[in-house]
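Participant: show me how the following folds:
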Amino acid sequence: MKSIIIMILMTFFINLSCAQESITPPDEVLKAFLKIYPEAEDIEWEKEGAYFEAEFIKDGYEISVVLDEQGNIMGTKKERVDAAEIDETDKAQADTADKDIGDDNDDKDDNQNK
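Facilitator: All right, here's what the predicted structure looks like:
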């Protein structure tokens, strides 16, 4: 019985240590981020070592930005998000972005045929 309780507790603490909490970044980091991405909404912040990572979804893409403690951008990543992974609001934004891209291509084809 003791071994079962110990295994359950070990599993709990391992899972707890692996989970990352959403944090609030320092003002300097937040101001620097919002200066570059003022349109970002529903931002998830994580602390990774000495760096802060901001993740948000915009136009069907998940954008990840890593900043240092002074607010300097250390790197960015942009990935297309599978429709099954995003909520309805973001899904509508992705659909609108795809339609806008399609409309632009249709206009180019029309101009070439004239």
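
Participant: that's a helix at residue 41, yeah?
Facilitator: No. Per DSSP: H, G, I helix; E, B strand; the rest coil, residue 41 lies outside any helix segment and is coil.

Participant: just give the nearest non-adjacent residue to it, would you?
Facilitator: The spatially closest residue to residue 41, leaving aside those adjacent along the chain, is residue 56, at 6.5 Å (Cβ to Cβ, 6 or more residues apart in numbering). All C-beta spots, glycine's among them, are computed from the backbone N, C-alpha and C.

Participant: how about that neighbour, phi and psi?
Facilitator: Per-residue torsions, residue 56: phi -150, psi 160 (degrees, to the nearest 10).

Participant: wait, what's in contact with it?
Facilitator: Counting by Cβ atoms under 8 Å, 6 or more residues apart in numbering, residue 56 makes contact with 37, 40, 41, 42, 43, 44, 62, 63.

Participant: between these, which sits nearest residue 70?
Facilitator: Ranked by distance to residue 70 (Cβ to Cβ), those are led by residue 37 at 17.2 Å.

Participant: mind listing the helices in the chain by residue range?
Facilitator: Assigned by DSSP state H, the chain shows helices spanning 2-18, 27-36, 88-113.

Participant: re the thing from before, just the buried residues of the contacts of residue 56.
Facilitator: Taking 16 or more other Cβ atoms under 10 Å as the criterion, what is buried in the contacts of residue 56 is 37, 40, 43, 62, 63.

Participant: quick check, the last one in contact with residue 53.
Facilitator: No. Using Cβ atoms under 8 Å, residue 63 is not in contact with residue 53; the gap is 10.8 Å.

Participant: can I get the buried ones among the contacts of residue 56 in CSV including pLDDT and distance to residue 81?
Facilitator: Converted to CSV, the buried ones among the contacts of residue 56 look like this (pLDDT from 0 to 100; distance: Cβ to Cβ, whole Å):
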residue, pLDDT, distance to residue 81
37, 95, 16
40, 95, 15
43, 96, 15
62, 96, 5
63, 96, 10
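
Participant: widest-spaced pair of those?
Facilitator: The farthest-apart pair in the buried ones among the contacts of residue 56, when distances are taken by Cβ to Cβ, is 37 and 62, at 12.9 Å.
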